[in-house]
Every structure is written in structure tokens, then in C-alpha cells.
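In: Next one to model:
(2 chains)
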Amino acid sequence: MVTESAPKPEEASAGPLKILIADDNHSDRLILQAIVKRQGHHVVTAVDGVDAVEKFSAEEPDIILLDALMPRMDGFDAAKEIKKLSGEDLVPIIFLTSLSDAESLAKCLEAGGDDFLSKPYNPIILQAKINAFNRMRVMHRTLQMQRDQIADHNEHLVREQEVAKKVFDNVAHVGCLGARNIRHLLSPLSVFNGDVLLACQKPSGGMHVLLGDFTGHGLPAAIGAMPMAEIFYGMTTKGYALPDILREINLKLKTILPVGFFCCATMIDVEFGDKSIEIWSGGLPSGYLLQGGKLIKVPSRHLPLGIRGSDSFDASTERYEMHDGDRFYLWSDGIIEAANSQNEFYGEERLQALVEQYIESDELFYRIQRDVLAFAGDCGPGDDLTMAEVTMMPEHELGIHESEHASAGGRGPGKWEMSYRLTDDSLARFDPIPLLLQIVMEVPGMRSFNGEIFTIISELYSNALDHGVLKLDSSLKNSSEGFAEYYRLREQRCNQLVDAHVMVRLKHDGTHQGGVLTIRVEDSGQGFNWQKINSTQPCASQYSGRGVALLKSLCRRVEYFEPGNVVEVEYEWRL
Amino acid sequence: MTIETHLNDAVLSDLREMMEGEFEFLVTTFLDDSAQRLEDIQHQLDSGDSAAFGRACHSLKGSATNLGLPRLSELCRQGEELGYSDQMDAAGELVGDIKEEFEQVTDLLKDYV
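Out: Alright, predicted model coming up:
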């Protein structure tokens, strides 16, 4: 890029100037002309005010020497006219006058005069004035040029940011921030102060929300947001679990961001089915969970994303029950790091006090915003305040529809079968559902049924693993204590697996317009009394009991085989 | 009264040096212009327009100052003051003085060139 450099003042003042002399008195004009010429400048003369304005327009002189009293148009009016014509440029006007009363001198200044020269003309004084005004004129021009350059650069920067913002919005467009259970405060160009808020429905119907705060500001802060959003949306949509997504984002950021750049983040997984929330927080201020009217502080337990290598990255989460109406709050550190004029931080304590006071009111965000702005005063935290509230509610009230996923166009197979067998510690450590789902989604046209198929496969698989292999009792989840116990036992038993397996067989038969997907899942457990479940009335609100009712509502056939460790379902679809 | 009352030698020497070959032309121009201005001054005196009279005196004062003619300049200054303060009673006599002084400097300047 080439930029015009401003002229150096020394150079500009050394060259000859063009000077307009306007005086109706011939002999005075002759004297002045002689003085100015001797000093090496070019002279243009005018005999009255009208002539002076015309010569100014035609000759564009650098400095003007103007007599006050002239026929046709006097110097005062000519000066006003010339100042109007010169617009933003500085064209110094020196009044030639022997006026001695203050009133007349004031009139010169009012008309736009910059200085006076009295008779008899003194060449040294005139030279000093011309040089001084020329320096001022050149400085003024340099300043203007630099101002225009800065304005240009700024405009350029804003344009670039708008483009980058558009690209980012395209990457992040599939989000479900508009769901009724999410409220948030986010500045329109927040990505450039490093804040990112992402939300995406899982194929199972739950929701992932991620609030990230990159180090720094401007483009360096925004640059990591793109891959982060892409991984977040891509993996969530494909059914990956929160720890897998975090690991992937962490690795990506660690790889692409320079040392010293990272992303403080909180990511949550909201399950509307079993009414729970899983929280991972690295580096952001504590979040707050409002659980049955009680406020629980959920502090950050991890390092930010993009710091640790894959081998030492800790994706462990905390799980809480949430009833309908319970809420979780998360914020970027713009709030607690807002500083006042004494360089004092707003801090977590002030935030917590405000949360406690206004938690039940609809005004919490507004109160926080107002309080932080008032605290910071003129030092202003800018628009760095990002906050989000996620509420638990029945899933059908969220007001979002399954997002249409752009597909690259299907050329995948319509008729195929496969089986996939996981054993022992692979069972404990690996979640095969996204992988299996991806294989199924290769069937052309199948993508629209992503959610239902995910639900079926994950239901069958978790039945096989949790109940079949790990022998966990789903009725435990009915109480708060049991809820925790369930997950404790699950972890414990996962670490003790011997000769255990789950085998999933998938078979698809059909065309791009429709078909039948057969899923058969077999586990190494002892089976269960499936006849009993088959005979009881389906009860939708009861989440325990292997979700048989759910499966039956989605599949045209659900069949168990003795001794109850094998189940096969048929899912029929049609575009 | 010495010559210095009428002509400021230092100013005129500077002018002569500065104007180089044009000095004579400057003096001629001044004398021609000033004759015109004197007519103007007389005209405004006759018409009784005191402000215009003041302006006409002011104009001649300026060029007289530049040419280094102290007494002419001073007389014009008094005329300017009379005009602006509308004391035209004394103006007639002053115009006579100005004309007399102008004739005097005309002679002196011719010697100077």
C-alpha cells in the first residue's frame, strides 16, 4: 500500500509563496510589491475588494495582504468572502492598516483577519509575519492531511470489521440464541472485543451454550472465534458430547493462537429431557445457578481454552439438576474487570451482591449494566459487557424448530449394513454415537431426520451401556440424591469393566426418497424383563424405564430378544 | 523648520535602496496619486460629508507615512480626526495647510530624485 507522505514544513516554507496584495493606493502597492518580491515571493495585485476576491479565486494565493479601506468592496467584506471561499484551508489574511482605534482593529479580526501590518511598512516585520504564517499554513495542511488519512484508515478498518463480522455471522448463523430460554446482552461488534456467545441445539433436543472471551481486542481477538464457532456448531449438530467438543476447540486454539493468546470460556450442556445442566468453566468469572430459589456460585475450575496440550486438558464437568424455571447466568470478565478512575476493579463481590438483589427481577441485566457503567464513569468499560441467562423449561416451549442443515448434496449409499463393537475400557471412554450418526447421515436425504435418529441410537446405546452393562437402576434418577448417586456409580463401574461389550448393527435399505433403517443393539449384560415393560402403559413424563415409550413412538417396530440383552428397531422415513 | 520636518531621510533612503530603479517611478506615482486625493479631499470638504472627508484624509495619510513625509502625514491625521468627529469648522483651514505642505514636499522630492 502506498500512502502519500505529508510535505515537510521546512521544505514548504523555503520555496517562494504566492502573495496577493490588495490596496487601492498605487504608491503603497508599489512599495509593498517591492518588499515582497525582494523576499523572493511571487506577487499578485488587486486594486479593490472585488478585484481581490476575483484574484483570490483565480490565483489561489498562499497569503493575503489586504487594505482595510478600499472602493467598491472594503477589506472587511473581501476578507469574509475569501474565508468563505477557502473553506477548510488556512489562508492567512494580514490587514494593511494605519487604523489605530480598537473598534476598527476588532472589525478586522471579526472579518477573519489574522494579523495587522501598519504603515510605514517595515520589511523585517513583514518578513517575520510571512514566515510565521507560512509555517502555520503548512502545519495546518499537514494536520488536515493526517486527519484525512486517519479518517480513511478508520473507515477502512470499520469496513474490514464489517466484512469480518459478516463472515463470522455466516459461520455462527445456525445458532439458537433466539430460543425462548436464552436471554443475552452482547454488543453488535462484540466479536472484536473478543467476546463470543454461541448456542446450538443438539440432535437429541438439548442445547449447548458457549460464552468465550478471547484475550486482546480487535482482529487478533476475533480471529480465534471463527474456528471455535465452526467446531462448536459442527460437532454439536453431529451429536458430539460437551467434553469432546471442548477438547477439539482447545486443541484447535492451542494450535493456531500465538503464545499468550487464549480464550476464557464457559460451556454448558442443557438437557431438557432429564432436566439437568452440565457446566465446564475455564477462566471466566463464576457463573450463578438459581436452583429452586437458591443461588449457587459455580466458579471456574479449569485453565482457559488454548493453553494446555491435549494430554493434560481437563474436560471434566459439573452436573446440576435444574427444574423448570431454574436459571444459569454466565458473563465475560468485562464486568468484573471494569475499572474506575482510581484503577479499582468492579470485582466479583459487587456483581454477586447485585445478582442476589435482583435475581428475581426481570431487570438483572439492566441493573448490572447500569451499575457497571456508573462505577466506571468516564473510564467506561466500553461495550465489553457480555452476559447470558439460560432457563430450564419444557422443550416444546423453546420456540425453535429443528434447524435445516445445509448439506453438501448426497451421493452416499442407500443400501448397506455394518456392525460396530466396543469393548471394556473403550466403552467407558468413547462415545460412538456421533460416529454412527455420521455414517447414517451419509444416506442421501437422511439429514432431515438427524434428531430422531440420534434420539433412537443414543437411547438404545445408553440403555445397553447404563442398564445392560453397568447395571444402573434408572429409578435412582427420580430423587436429587439418587441423581448424584447414579452418576457416581456410573463412573465407578466404568472403571471396572471386564469382558464387557456393546455391539451395534446398522442396516439401511432404501433410496434417496425414503427407506428403512434397522438398528440392532446387543450388550454383554444379563438382559432384563422386557415383557413387563412392554405391557405397562407408556408414561411420557417418567424419564426412567429405558425410554421404551419414546422408541415406540418413533419406530415402526421395537422388538426385544431373550434374555432381554438384544433389541432391534426399525425406523421408516420418507421425504 | 528643517527639511527633516517634511522628509524623513532614513525612510526615503531605505525606499530608494529597496525600489532600485523604480524609486523615481514610485515618487512620480505618489505625486500623481496624491494630487488626485487632494482634489478628493477638497471635494468632500465642499460637499460637507465629514465621514468621507475623514476617509480621504486617512488614505493620503497612509501613503504619506509610507513615503516618509511626517508633516503631511500628521496634517492628514488631524483631518481624519476632524472628519470622523464631525468638526468640519476647522477643516477648511487644515486643507489649506495640507495643500501648502504637499506643494512643499513636491519640490523637495523632485530634488531628492
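In: tell me how far the lengthiest helix in chain A is from the chain's mean position?
Out: Criterion DSSP state H: the longest helix present in chain A is helix A:123-171. Helix A:123-171 sits 30 Å away from the centroid of its parent chain (CA atoms, centre = their mean, to the nearest Å).
In: Next secondary structure after that helix?
Out: Of the helices and strands lying after helix A:123-171 in sequence (DSSP states H and E), the nearest is strand A:182-185.
In: Neighbouring strands of that next one in the sheet, and parallel or not?
Out: In the sheet, strand A:182-185 lines up against strand A:387-391 (antiparallel) (DSSP bridges).
In: what's the model's confidence in the partner strand, averaged?
Out: Mean pLDDT, strand A:387-391: 92.
In: now do stretch A:241-257
Out: Stretch A:241-257 comes out at a mean pLDDT of 93.
In: try stretch A:197-214
Out: Mean pLDDT, stretch A:197-214: 90.
In: With stretch A:25-33 instead?
Out: Rounded mean pLDDT across stretch A:25-33 is 92.
In: Would it count as contacting chain B?
Out: Yes: using CB under 8 Å from any CB of the partner chain, stretch A:25-33 reaches chain B at A:25-28, A:30-31. From N, CA and C alone the C-beta is placed, and that goes for glycine too.
In: Dump that stretch to CSV, keeping only the CA atoms.
Out: Only the C-alpha atoms of stretch A:25-33 are listed here, as CSV (Å, rounded to 0.1, in the frame of the first residue of the first chain):
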residue,chain,number,x,y,z
ASN,A,25,-3.4,53.2,-3.3
HIS,A,26,-0.9,52.8,-6.1
SER,A,27,2.2,54.0,-4.4
ASP,A,28,1.6,51.9,-1.3
ARG,A,29,1.0,48.9,-3.6
LEU,A,30,4.4,49.6,-5.3
ILE,A,31,6.3,49.7,-2.0
LEU,A,32,4.7,46.5,-0.7
GLN,A,33,5.2,44.7,-4.0
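In: Other residues contacting that stretch?
Out: Stretch A:25-33 is contacted from outside by A:21, A:23, A:43, A:45, A:47, A:65, A:67, A:96, A:119, A:121, A:126, B:15, B:18-19, B:22, B:25-26, B:29-30, B:33-34, B:59, B:62-63, B:66-67, using CB atoms under 8 Å, 6 or more residues apart in numbering or on different chains.
In: Residue A:334 in helix, strand or coil?
Out: Per DSSP: H, G, I helix; E, B strand; the rest coil, the secondary structure class of residue A:334 is coil.
In: my bad, residue A:518
Out: strand.
In: Ok, residue A:496 next?
Out: Strictly by three-state DSSP, residue A:496 counts as coil.
In: on that earlier part again, what helices or strands is the longest helix of chain A leaning on?
Out: Applying 3 or more CB pairs under 8 Å, 6 or more residues apart in numbering or on different chains; DSSP states H and E, we find helix A:123-171 packed against helix A:9-14, helix A:26-38, strand A:63-67, strand A:115-117, helix A:218-223, helix A:225-237.
In: List the pairing partners of the helix or strand that the second one is followed by within its sheet, with orientation.
Out: When you say that, I think you mean helix A:26-38. Using DSSP H and E, the helix or strand that directly follows helix A:26-38 along the chain is strand A:42-46. Strand A:42-46 has the following strand partners under DSSP bridges: strand A:18-22 (parallel).
In: Contacts for the strand it pairs with next, please.
Out: Outside strand A:18-22, the residues that touch it by CB under 8 Å, 6+ apart are A:29, A:32-33, A:36, A:41-49, A:51-52, A:55-56, A:59-67, A:70, A:75, A:78, A:130.
In: Write the ChimeraX selection for whichever of the residues you listed are buried.
Out: Filtering the contacts of strand A:18-22 down to the buried ones (16 or more other CB atoms under 10 Å in any protein chain shown) takes a single ChimeraX command:
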select /A:29,32,33,36,41,43,44,45,46,47,48,49,51,52,55,56,61,62,63,64,65,66,67,70,75,78,130
